[in-house]
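S.K.: quick one, structure for this:
(3 chains)
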Amino acid sequence: MSTLLGSFIGTKKNILLLLILAVLLALFFIPAFLSKYSVYLLTVVLFTSLLATSLNISLGYGGMLPLHQTVFFGVGAYAAALLLNKSPLLPLLSFLAAPLVSAGVALIIGAICVRLRGLYFGMMTLAIGQLVWAIVYRWYEFTGGDDGIHGIAVPDVLHSISAAYYISLIVVSACLLIIYIILNSPFGIALQAVRDNPQRCESIGINIHRHQLIAFVLSGFFSGVAGVLFVILERSVSPSLLFWSESAELLIMVLLGGMFTFMGPAFGATVIIVLEVFLGVITEYWLLVLGTVLVLIILFLPQGVIGFVQEKISAGTAVERKGADRFASG
Amino acid sequence: MDFSVLLSQIPDFSTLTGQFFVGMSRAMILFVVAAGLTVVMGVLRIVNFTHGTFYMLGAFISFSVAQWFGGSSGFWMALLIAPLIVAALSFVLEGALMRRIYSQPRLMQLLLTYALVLVFNDLIKIVWGVEYKSLSNPIPGSISLGGVALPTYNLILLAAGPLTALGLWFFLSRTMMGKLCRATVTDREMVDALGINSKRVFTSVFILGCYLAGVGGALIAPTTNIVIGMGMGIIINAILVVVVGGLGNVWGALLVSFIFGIGESFGVLFAPRFSLVFPFLIAATLLMIRPSGLMKSVW
Amino acid sequence: MLQVKKLVKSFDGFLAVNGAELTVGKGQIVAVIGPNGAGKTTLFNLITGHLVPSQGTIEFKERDITGLSPHKICHMGISRSFQLINIFPKLTVFENVQVSILSRKRKILNMFSPTKKMMVEETYRILGKVGLADKAHSLSTSLSYGDQKILEMAIALGNEPELLLLDEPTAGMSPEETASTIKLIKELASSEGLTILFTEHDLDVVFGIAEKIMVMQQGRTIAQGLPADIKSDKLVQAAYLGEEC
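M.R.: Residues are numbered from 1 along each chain as shown, chains lettered A, B, ... in the order given. This is a model prediction of the structure:
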């Protein structure tokens, strides 16, 4: 049964395409049947999925340990807010420029970090990320300090929740498609090779630092896009977007979904957000539940939920996970 | 008249000394916490986010213990008892959870300890409520240090750092258990092969580390508001102290705590609003210069 | 083609390579032999840039390549296989070789073409040559040990090197596998016009294919010459052949 399902998914690529199309169609028409709040939540799910997938470019596919990804999300959001409020730029240009600011910050942080390995890489991203947070938190004149920025001048046409939803749906789908294409391009395959065996990559002529840096910048760019979508939806930003615990929660989403699958992070993001909403209604201690569930998952399902399902499906072909394990422990 | 106002804004020598001692007192608490963390990270090789939670627990438990005993002796009993309670808790946690993840990928370790942070945050909310708690200063008053008034209690903090460093040094280099720790760090298989139970070494080290986190929490309790977020605040600084100082290197942690303390106390004078920025700026700069830490790392 | 002069590498005072000398001519098959710990693998790592020499020079095609980074040296035409299996475990056999070809053709920064359709012919040509074409779509780690060693070599071939370095290409192989690997190396050398530098423990293999032999002991080159001369060299016999054969 499980092998049957495996070959079904493996060979019938068209069915998968149809499935994606069906999901997109459903997402397109569903707001008509939902409350405003549900549409709002769906929008959050959409850009968080993009954020989680962007983190996974450098984490799951690039073999890096970025412990502070939401800095790029926050920088994108702040850049959009500041450009909209303080620059003469057209709103559309502000939206386009903000992710580039994130990519620029990622380029600087990445250039400092890519030469470091494993935990040291993570620590450096954490230190610099917190540095950015601290600056934003205290620079009242420019960033509004701990008050954040409210009443961001998002164009009127985007003020309705459904407008924010449709913008997010289009942008997130497009970005996920682009990320998918990139990860399956020669660049993406080489990136995975760098993750699995950096030494071997060097000796077949791949500049591993440059490769990882490019991946890191891409990852920062798409996080910035997610930040822009956040601004369109919320029209306010606060420094807590850049605090390290946000990144920790993002890591939870990615690991819950499984970081060696393309859709895993988006799935993890969806689950966590839905869980938060539903448990939040029942108990104020929903983090207690989340934490407990996490502990159980780490002890019993360390490869993530999607990873687990995939492993069950492909049990017949006995997927080796040596490379993954070697990377993650390094 | 204007002149004297202007002059008063330029930090004079006594303000500098005052700032220095205030900054150092904070740095020493950071060191006590980081020293515990560096031993845990050095021997067990896990990045333990829960360490900050133990620090926070130390503060909350101190509050309750001090209240239970009441009076001026309350705090001293708390300083004695609260870290022990934290240590006992860590013993349970190590046996039940931590030891299962020592050989897991690093990311999983990070995540498990972070999950525990979430769990404990809520548990503390359930036990102590959401309002902040505060403890009265056990030694009120201040002393004059070269013309600067320094709260007398800060002397305790200033002494706590060096005492912890000496204690750890004594433990690691003079006691059997300490020697075992260092042997386990160098060659775990060898220690196992000699018939020594490295599991017991791990448990002891974890308890010791968490005990120190509890001490840090008890020490800070009278000087600040005890709130839920305090663990999240200190843990990143403590991890950075450990990494920049060289993983597992107690003296490195002491050195970096000093640097953080000096940076923060003088940073406050020149750019008061950005004092928050300095530890991260210092850590990032030092990591750039010496990516594997200032002093020898055991990793 | 390759000139190694007075090469020294020290690790914290320990001299792993201490005065290695090596000359490899175009089209030659050259073996580096020596007892364990003689510095053969270190020498390879120095040539391919994985380690930076403390002293001495390495020239390739009359150009000084001393201290260049591995990926630059690779693009100049030196490729290598490793002593321990060193492949991409999560990629298929096909992809393992494909990545190498893509890198050689400088296509790895291409972000928008599907990899599936790229370099298919080239990849199959190499897989066919080493005899792994029928296993192209298996996961690389599902291959037998011997086949993984062959894949190791195929990855290096994907770079279309002029000089191929093989670090113990038959280590751990069964006698049959060893025999076929030797045949393969010989074929490659003649059909591709490759220059090959290899290390090997098995002296039968060495004297079977090497046209020239360099002998190392404690990091030093103690002899270099034709197989027949090496066999009769007193110094070599004392240092190496005497004790190990």
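
S.K.: which SS class is C:Thr221?
M.R.: Using DSSP: H, G, I helix; E, B strand; the rest coil, the structure places C:Thr221 in strand.

S.K.: that one reaches C:Leu235, doesn't it?
M.R.: No: look at C:Thr221 against C:Leu235 with Cβ atoms under 8 Å: they stay out of range, at 10.9 Å. For glycine as for every other residue, the C-beta is placed from the backbone atoms N, C-alpha and C.

S.K.: how about low-confidence regions in chain A?
M.R.: For chain A, the stretches flagged by pLDDT under 70 are A:1-12, A:302-330.

S.K.: er, chain B actually
M.R.: Ranges of chain B meeting pLDDT under 70: B:1-13, B:146, B:188, B:298-299.

S.K.: quick one: the strands in it?
M.R.: Using DSSP state E, the strands of chain B run over residues B:142-145, B:148-151.

S.K.: which among the ones you listed is found nearest to chain A?
M.R.: strand B:148-151 (25.6 Å; Cβ to the nearest Cβ).

S.K.: which residues are contacting that closest one?
M.R.: B:14-15, B:17-18, B:21-22, B:137, B:141-144 (Cβ atoms under 8 Å, 6 or more residues apart in numbering or on different chains).

S.K.: and with 6 Å instead?
M.R.: B:14, B:17-18, B:21, B:142-143 (Cβ atoms under 6 Å, 6 or more residues apart in numbering or on different chains).

S.K.: which of the residues you listed are buried?
M.R.: B:17-18, B:21 (16 or more other Cβ atoms under 10 Å in any protein chain shown).

S.K.: can you pull the contacts of B:Gly267?
M.R.: By Cβ under 6 Å, 6+ apart, the neighbours of B:Gly267 are B:275, B:278.

S.K.: that one and A:Ile109, how far apart?
M.R.: 22 Å (Cβ to Cβ, to the nearest Å).

S.K.: for the residue of the stretch 151-299 of chain B found nearest chain C, give me its contacts.
M.R.: Nearest residue of the stretch 151-299 of chain B to chain C (Cβ to the nearest Cβ) works out as B:Lys296 at 13.2 Å. B:Lys296 makes contact with B:Gly246 under the criterion Cβ under 6 Å, 6+ apart.

S.K.: C:Leu51 now?
M.R.: By Cβ under 6 Å, 6+ apart, the neighbours of C:Leu51 are C:Asn45.

S.K.: ok, the one 5 residues further on next?
M.R.: Residues in contact with C:Gly56, defined by Cβ under 6 Å, 6+ apart, are C:5-8.

S.K.: in the helix or strand hosting it, what counts as buried?
M.R.: Per DSSP states H and E: C:Gly56 is located in strand C:55-60. By neighbour count, with 16+ other Cβ under 10 Å as the criterion, the buried positions of strand C:55-60 are C:56, C:58, C:60.

S.K.: check stretch B:177-185 too.
M.R.: Here stretch B:177-185 shows B:178, B:180-181, B:183-185 as buried, counting by 16+ other Cβ under 10 Å.

S.K.: again with stretch C:78-94
M.R.: Buried residues in stretch C:78-94 (16+ other Cβ under 10 Å): C:78-83, C:85-94.
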